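> Okay, predicted coordinates and the sequence, questions at the end:
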Amino acid sequence: MADDPLRIEGLVKTYGNRRVLDGIDLTVHPGEITALLGPNGAGKTTLIGCLLGLLTPDAGSIRLWGEAVEELAPQTRARIGFVPQALTGFTWFRVRELMDYLALYRERPGDPQDPIWEEWAALDPAARVRSLSGGERQRLAIVLALRFMPDLIVLDEPVASLDPQARHDFMRLLPQYARRQGASVLISSHIISDLENISDRVVIMRHGQVRLDMAEPDIMNSIRSISATPSPKWGLEILAEEKDGPVWVRGWREGLDMAAADAGIAVAMPELEHLFLALSR
Ligand SMILES: Nc1ncnc2c1ncn2[C@@H]1O[C@H](COP(=O)(O)OP(=O)(O)OP(=O)(O)O)[C@@H](O)[C@H]1O
């Protein structure tokens, strides 16, 4: 749909003869929080680089609100807030100077600002960026990306360097904020428990491909880990079969609980962390 904040189709990115992204399809729907999961090297940061227009793909299309990323109008670009893994550069600026300086490059001058992130970050406006700790720099990166209330928030492992209190508060504030603004979110993180409670959709990548892309309620309704290989008659898709472990299946429905009990097969609801581990192998 043209109003989807992000629509990626058939995305391919190669380095030398390595396909780092190998035909990715991914849509971020309006107002939804999408969790982007994948083991180290799966291609998450490369995907984010492509959708921000920082990397040029070899094939495929990326559209933001219907506009091709390579022809994005500056006003459309200004609707995106990006939080990188780490803030580099700008070290000689003071915190307030850097905020004011980057505000000059906005294509939507006079945009309203939300003080919530500055309050959360609690940074000294007069501090030099180079004197900030890793976690303080990350707070600054979050303030810089979110204070102008973007419509699409893209976050690449935003919380890894935050202390537990800051991380907890951030993960509580982000969904509240997104819902209030009607903003959409694409967030990658290795801290799966953080994402489990806030995401509407989960995308799991592996080796440059999408291994799973499902709405959160569908995961709960349709995926199970079961103690033995199911009968083909049950019509289930086998997502992963762990050696000496459970079988992950998709397509579960109510009637199967009885059939599983009769066959002596134990059935468990999915936990995102376990599902992720099973699909990442
Ligand atoms: N500039 C580059 N040149 C060559 N290979 C690259 C380059 N950038 C990334 N890669 C490779 O592409 C693959 C995907 O990297 P990417 O950083 O996108 O993974 P990721 O899922 O974000 O990983 P992580 O969780 O560790 O951040 C990796 O194998 C990486 O080595």
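Received, thanks. Numbers count the residues shown, from 1 in each chain.
> secondary structure element for the residue most central in space within the chain?
Compute the mean C-alpha point of the chain, and by Cα atoms, centre = their mean the closest residue is I187, 2.3 Å away. Secondary structure assignment for I187, by DSSP states H and E: strand 184-188.
> Show me what that strand is in contact with.
5-6, 28-38, 44-45, 48, 51, 151-158, 174-175, 178, 195, 199 (Cβ atoms under 8 Å, 6 or more residues apart in numbering). Quick note: C-beta positions are derived from backbone N, CA and C, even for glycine.
> how close does the residue nearest to the centre of the chain sit to A122?
22 Å (Cβ to Cβ, to the nearest Å).
> Relative to the whole chain's centre, how far out is stretch 117-131?
Between the centre of stretch 117-131 and the centre of its host chain there is 25 Å, according to Cα atoms, centre = their mean, to the nearest Å.
> Name the residues of it that are buried.
117-118, 120-121, 123, 129 (16 or more other Cβ atoms under 10 Å).
> what do you get for stretch 6-18?
Those would be 6-8, 11-13, for stretch 6-18 by 16+ other Cβ under 10 Å.
> again with stretch 75-88
Buried residues in stretch 75-88 (16+ other Cβ under 10 Å): 76, 78-85, 87.
> I24 against H207, yeah?
No. Using Cβ atoms under 8 Å, I24 is not in contact with H207, being 11.3 Å away.
> So what pairs up with the residue nearest to the centre of the chain in the strands?
For I187, the beta-bridge partners under DSSP bridges are A35, L155.
> Let me know the helix or strand that G81 is in.
Assessed by DSSP H and E, G81 sits inside strand 80-83.
> quick one, what contacts V12?
The contact partners of V12, by Cβ under 8 Å, 6+ apart, come to 19, 21-24, 57-60.
> that older thread, output those of the contacts of strand 184-188 also counted as contacts of the ligand.
Within the set of these, contact with the ligand (Cβ under 6 Å from any ligand atom) is found for 38, 44-45.
> pull the longest helix from the protein.
helix 164-181 (DSSP state H).
> ok so, going back, of the contacts of strand 184-188, which belong to helices?
44-45, 48, 51, 174-175, 178, 195.
> What subset of these is buried?
44-45, 48, 51, 174-175, 178, 195.
> State the pair within these that is farthest apart.
T45 and P175 (22.7 Å; Cβ to Cβ).
> tell me the domain boundaries of this structure?
For the chain, automatic domain parsing gives the domain ranges 6-207, 218-280.
> who's in contact with stretch 142-153?
With Cβ under 8 Å, 6+ apart as the criterion, stretch 142-153 contacts 5-6, 28, 64, 78-83, 87, 98-99, 102-103, 106, 108, 111-115, 117-118, 120-121, 123, 155, 158, 170, 174, 177-178, 181-187.
> Run the chain-centre distance for it.
15 Å.
> so which of the buried residues of stretch 117-131 comes closest to A228?
W120 (48.1 Å).
> In three-state terms, how would that closest one be classified?
With DSSP: H, G, I helix; E, B strand; the rest coil as the basis, W120 sits in helix.
> Looks like it contacts M171 (just checking).
No. Between W120 and M171 there is no contact under Cβ under 8 Å: 11.3 Å.
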